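Undergrad: Sequence and computational prediction follow.
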Amino acid sequence: MDLIRGTLDVLLLKTVSWGPLHGYAISKSIRSQTAEVFKVEEGALYPALRRLEAKGLVTANWGTTDTGREAKFYTLTAQGRKRLKLEVDSWGRYVEAMSRVLHATRPGI
Amino acid sequence: MPKRPLHGDRPRVGQLPIDEDVRRELQSHVRMCAAELEQQGWDPSEALREAERRFGNMAEFSRECSDITRSGDRAVVRAGRVDALRQDLRYGLRILKSAPAFAALAILTLALGIGANTAIFSVVYGVLLKPLPYEESERIVWVREHQPARGRSMPIAMANFLDWTEARSFEAIAAYGVWTQTVRGGEQPYRAVVAQVTEGFASVFRIAPLAGRLLDPRDYDAGAEPVVLIGEDLWTREYGRTPLEQIRLEMSGVSPRVVGVLPSGFDYPARAVIWTAAKDDNTSRSAHNYSVVARLADDVTVAQADAELDALQSRITADVRGEDDEFIAEAVLIQPLRESVSSGSGRSLGLLFGAAGLVLLIGCANLASTLLARGSVRSRELSVRQAMGAGRSRLVRQLLTESGLLAATGALVGLAVAQGLLVVLKSAEGVSIPRLEDVALDVRALAFTAVASILTGLVFGLLPALRLSRAEPGQVLRSEDRSQGSGGGGNIWGPLVAAEVALAFVLLAGSFLLMRSFQSVLGAEKGFRVEGVMTADIDLDPARYAEPGDQIRFYEELLTNLNGRGDVSAAGIVTSVPLSGGLPNGRLELDGDLSKHATAGYAVASGSYFDAMGIPLLQGRTFDERDRPESGHVAIVSRSFADQYWPGESVIGKQVTGGGMDEFWEERPFATVIGVVGDARYSELVRAPDPVAYFPFSQRPRRLGGAATIVARSNAESSAALSATLREALRSADPSIPPRFRSMEDRLRGSVSQRRFTMALIGAFALVALILAGIGIYGVVSFAVARRRREMGIRLALGGGKSQIRRMVQFQSMRSVLLGSLAGLAGALALGRLLESTLFGVEPTDPLTLGLAAVVLLAVAWGAATIPAIRSTRVDPMVAMRSD
């Protein structure tokens, strides 16, 4: 299943909201949490992450993983957190509206 | 953005090049993925391939990542920079607005320093340094005959010049004579500057004719038809650019043909408008009648040419030495033409340049002390900003922006000041400085002074930030401003104020010396009258006054007419009046003894001339109707003539003989002295008067010849009325004479214009320096007082008398002023030597003048220190103690 346009950003913001994560960890987390429903090339994360960084929603810093590897860690900024909340709210309304329509019994016309 | 990396000392974003940053990040992903696959049992090489497959198009993603980060960086950086600059500017403007006095002081200082210096340097460059407008003009030199033993140089005798033409040092060499003469033949007679030039003239200047041809060798043949070249401007003005063959002109009784036109802009020598061939076969080596210019040959230096010509001159004058030593020059003097054109202006322009430099220094010192004082007041504000997290570089940038804002404004105002000053300089009344009218604002000078001032501004504007950022903010906040004593900043300002005062003292002393000298020159014994005396240069049409008797009759009738008028007290004629370039020198034998001779100015005049010019008769009588052409020839000598050549003897009845001065000496070998008159200074006011011998025009009309000057004196206030009377009398006598009027007052002004110009400018500089020093002292004391408000308050609260406190503030600032004055006095004494040759009637060490300068300077300094000191005691103790 292809990802709906624009939702990858929300997924990423949500994923890094738990704390600094490097790209591979982000991709693993998304894959496991979505039960591999979405087919995303792993490399596609990176342009998206960089776009978020340029918008000031996340910051990136080089660090070391638990296994001693060098990796770049992404952290949510205050601005990113605000944006995430907005997105989550509007996603909730979207889903609510959609499911109300899709699960409705025959309406009285 | 947190500054510390998450773990250890790893590279941070922004430190790695973007491409490398991307490559490493993506590679690390692939490696982690592969490592995990290996743990799940994949074969290592298989694992890596699988990891790359899952990752997708590595090259494409890398490029995309790099692009995003790169453009994002630029946008962020750009936005940040513009934002910071705008913020700095806005903040700077607000700060300057909140301290308008400080801003005004700084801008005024900059504007005066930049403006005055640019204007003066523009004049120095335009008059002294700019090349003359001729092709390879640096190779054109000016040559004079020179008597090293007497330290005197003189014009050139034609016989000597002809021998010089064989010198190899020159590509071309030419002699010329120049005078003013009436040209007739056109609609109106007019007076024109006419140059007689030898063959090489056009080659020396490398000029080409605009129309027609140049003078060529045929024109110099003995019997050749007389021809002239005219200037383009004259051609346009007088002849409407009609074809040359239709122009008729008449000069000195001949009607030369116009064969060529020289282009507008060429007016050498002396703004000549007509050039004619110099034909002179005078073999005398002492008839110094010509000027000489030459063009150096390739690779020949002035020194080499000087050496060659010196040797030549020594050889050709060897035979005649001994006979007429006083008029034989055994050496030559060569200098670049540019220097000779501005000779005399050189020294005063040097002085002006020095003065401008001093003002620039004072301006810089002033700016420095103002900024330092201001900086110390602001250090607290800066500490607060630093404590609130402003970085050092940000604060430096803020201060730079402020200084830059001030400097830019100051430079702009300075440009306006320079333009204004230049207009004033060029239009100054009665100034006759060569090439001055062509002077334009010099961009390099503006750039130089602006850069100097702005650098000063930036350096001293930054000092507070540098001093500040060395200390921890908290320390400054705690220590600064709390009842600070006379230490601290005072240590930096003191020397600056002292330096300013010293420089201003030097300027002020120099300016006062020049003023006193100028007064001495004006007040010097001139020996003639200036007030109410009008002169008119005329020359007679040789065709109408062919016989000497005709000329005598004309002058006599004119003088009888003028002297009969009620509004003319006295009128006379003379060959040339005082301050019109000096009299020609002549050699006179005395008492019929060939071995006894005098060198004296040789003037031909009417008897009424002495009365008209206010030259007193001391003994005997002046010329009158008894002195007819056929009666015994007579002479009048000046007092210094009598004292020098017949000391202690009775002069009346002595005899003088005038050798080659004019043809009348052949008819009558001697003239009898009938009177002695006072010494009139003909050439320069400040020199001892040269001896003069006068002869009556009635006995030497040809000497007067075409050109004479009519002198009329009246008691009427208006010189215009007198010149109208003169004009009318002349017109009724002969309407074809175009007179040129000039009052003696005007001539006097002209003769001192260079001095006046120098004095006025140095005076202006001294004034500027005084103002700047005053501003500097005022500024520094104000800031010092402001910093010590709390201390003042405590002192007042503890019962300190106001006057006591005021005196304390004043004395502390006057210490620097006094030290500066002492240094300035030493400087003035040392620099006075440079002025010595310019000064007249006052010593460069004149104690009265130096004392006056000191008094004025100290008074201004005292005033500048007193205003803020008085304000300091108006402090309400309670307010002051609560304030920081």
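TA: Yep, it's here. Numbering: from 1, shown residues only, chains lettered A, B, ... in the order given.

Undergrad: Figure out the helix or strand that B:Phe811 lives in.
TA: helix B:802-835 (DSSP states H and E).

Undergrad: following that helix, which helix or strand shows up next?
TA: As assigned by DSSP H and E, the chain's next helix or strand after helix B:802-835 is helix B:847-872.

Undergrad: ok, back up a step: next, the buried residues of the helix holding B:Phe811.
TA: Going by neighbour count (16 or more other Cβ atoms under 10 Å in any protein chain shown), the buried part of helix B:802-835 is B:805-806, B:808-810, B:812-814, B:816-817, B:819-821, B:823-825, B:827-828, B:831-832, B:835. For glycine as for every other residue, the C-beta is placed from the backbone atoms N, C-alpha and C.

Undergrad: and what of stretch B:124-135?
TA: Within stretch B:124-135, the residues scored as buried using 16+ other Cβ under 10 Å are B:Val124, B:Tyr125, B:Gly126, B:Val127, B:Leu128, B:Lys130, B:Leu132, B:Tyr134.

Undergrad: what's the span of it from first residue to last?
TA: One end of stretch B:124-135 to the other measures 22 Å (Cα to Cα, to the nearest Å).

Undergrad: what mean pLDDT does that stretch have?
TA: Average pLDDT, stretch B:124-135: 75.

Undergrad: Distance from it to the middle of the chain?
TA: The chain centre lies 13 Å from the centre of stretch B:124-135; the measure is Cα atoms, centre = their mean, to the nearest Å.

Undergrad: all strands of chain A, in order?
TA: Under the criterion DSSP state E, strands of chain A are mapped to A:21-22, A:58-64, A:70-76.

Undergrad: which helices and strands does the first one pack with?
TA: Right, the one you point to is strand A:21-22. Secondary-structure packing of strand A:21-22 (3 or more Cβ pairs under 8 Å, 6 or more residues apart in numbering or on different chains; DSSP states H and E): strand A:70-76, helix B:18-39.

Undergrad: Does the longest one reach chain A?
TA: Yes - with Cβ under 8 Å from any Cβ of the partner chain as the criterion, chain A is reached by helix B:18-39 at B:Asp21, B:Val22, B:Arg24, B:Glu25, B:Leu26, B:Ser28, B:His29, B:Arg31, B:Met32, B:Cys33, B:Ala35.

Undergrad: Compare those and tell me which is most surrounded.
TA: B:His29 (27 neighbours; other Cβ atoms under 10 Å in any protein chain shown).

Undergrad: who's in contact with that one?
TA: A:His22, A:Gly23, A:Tyr24, A:Ser27, A:Glu42, A:Gly43, A:Tyr46, B:Phe55 (Cβ atoms under 8 Å, 6 or more residues apart in numbering or on different chains).

Undergrad: Distance-wise, check it relative to A:Asn61.
TA: Separation of B:His29 from A:Asn61 (Cβ to Cβ, to the nearest Å): 16 Å.

Undergrad: go on, B:Ser427?
TA: Separation of B:Ser427 from A:Asn61 (Cβ to Cβ): 70 Å.

Undergrad: Of those two, which one has the most company?
TA: A:Asn61 (20 against 10).

Undergrad: Can you check the pLDDT for A:Gly6?
TA: Reported pLDDT for A:Gly6: 65.

Undergrad: Quickly list what B:Ala211 is bridged to.
TA: B:Val261 (DSSP bridges).

Undergrad: okay, now B:Val424: neighbour count?
TA: 13.

Undergrad: which residues does B:Ala612 contact?
TA: B:Val533, B:Ser569, B:Ala570, B:Ala571, B:Gly572, B:Val711, B:Ala712, B:Arg713.

Undergrad: And for B:Ala329?
TA: With contacts defined as Cβ under 8 Å, 6+ apart, the neighbours of B:Ala329 are B:Glu145, B:His146, B:Gln147, B:Ser153, B:Met154, B:His288, B:Gln313, B:Thr317.

Undergrad: I'd like the distance between it and chain A.
TA: 88 Å (Cβ to the nearest Cβ, to the nearest Å).

Undergrad: secondary structure class for that residue?
TA: When classified by DSSP: H, G, I helix; E, B strand; the rest coil, B:Ala329 comes out as coil.

Undergrad: now B:Ala600
TA: In three-state terms, and counting by three-state DSSP, B:Ala600 is strand.

Undergrad: Could you say which helix or strand holds the closest residue to chain A within the stretch 101-250 of chain B?
TA: Nearest residue of the stretch 101-250 of chain B to chain A, counting by Cβ to the nearest Cβ: B:Ala103, 38.1 Å away. Assignment of secondary structure by DSSP H and E places B:Ala103 within helix B:100-124.

Undergrad: pLDDT score assigned to the closest residue to chain B within chain A?
TA: Minimum separation of chain A from chain B (Cβ to the nearest Cβ) falls at A:Ala54, amounting to 2.8 Å. Per-residue confidence (pLDDT) for A:Ala54: 84.

Undergrad: Starting from B:Ser62, give me the distance back to the residue nearest to it when sequence neighbours are not counted.
TA: Spatial nearest neighbour of A:Ala54, chain neighbours left out: B:Gly72 (2.8 Å); criterion: Cβ to Cβ, 6 or more residues apart in numbering or on different chains. Separation of B:Gly72 from B:Ser62 (Cβ to Cβ) stands at 16 Å.

Undergrad: Output the strands of chain A in JSON lines; the columns should cover mean pLDDT and distance to B:Leu455.
TA: Listed next are the strands of chain A as JSON lines, based on pLDDT from 0 to 100; distance: least, Cβ to Cβ, whole Å:
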{"stretch": "strand A:21-22", "mean pLDDT": "90", "distance to B:Leu455": "51"}
{"stretch": "strand A:58-64", "mean pLDDT": "88", "distance to B:Leu455": "41"}
{"stretch": "strand A:70-76", "mean pLDDT": "90", "distance to B:Leu455": "45"}
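
Undergrad: got those strands as CSV, with distance to B:Ile674 columns?
TA: Formatted as CSV, the strands of chain A follow (distance: least, Cβ to Cβ, whole Å):
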stretch, distance to B:Ile674
strand A:21-22, 123
strand A:58-64, 113
strand A:70-76, 118
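
Undergrad: right, and the helices and strands packed on strand A:21-22 - which one's nearest B:Ala270?
TA: Proximity to B:Ala270 (Cβ to Cβ) singles out helix B:18-39 among the helices and strands packed on strand A:21-22, at 73.7 Å.

Undergrad: okay, the angle between the closest one and strand A:58-64?
TA: If you take axes from the mean of the first three to the mean of the last three Cα atoms, to 10 degrees, helix B:18-39 sits at 60 degrees to strand A:58-64.

Undergrad: average pLDDT across helix B:18-39?
TA: Mean pLDDT, helix B:18-39: 89.

Undergrad: now chain A, which segments are flagged as low pLDDT?
TA: A:1-6, A:38-40, A:107-109 (pLDDT under 70).

Undergrad: Could you pull out the helices in it for me?
TA: A:7-16, A:23-33, A:45-54, A:78-102 (DSSP state H).

Undergrad: Tell me which of the ones you listed is the most buried.
TA: Of all these, helix A:45-54 carries the top mean neighbour count, a mean of 22, counting by mean count of other Cβ atoms under 10 Å in any protein chain shown.

Undergrad: What is the distance between it and the centre of its chain?
TA: Taking Cα atoms, centre = their mean, the mean C-alpha location of helix A:45-54 is offset from the chain mean by 11 Å.

Undergrad: In terms of secondary structure, what does it contact?
TA: Counting by 3+ Cβ pairs under 8 Å, 6+ apart, helix A:45-54 packs on helix A:7-16, helix A:23-33, strand A:58-64, strand A:70-76, helix B:18-39, helix B:58-98.

Undergrad: could these go into a markdown table alongside distance to B:Ile775?
TA: Formatted as a markdown table, the helices and strands packed on helix A:45-54 follow (distance: least, Cβ to Cβ, whole Å):
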| stretch | distance to B:Ile775 |
| --- | --- |
| helix A:7-16 | 61 |
| helix A:23-33 | 65 |
| strand A:58-64 | 52 |
| strand A:70-76 | 56 |
| helix B:18-39 | 53 |
| helix B:58-98 | 17 |
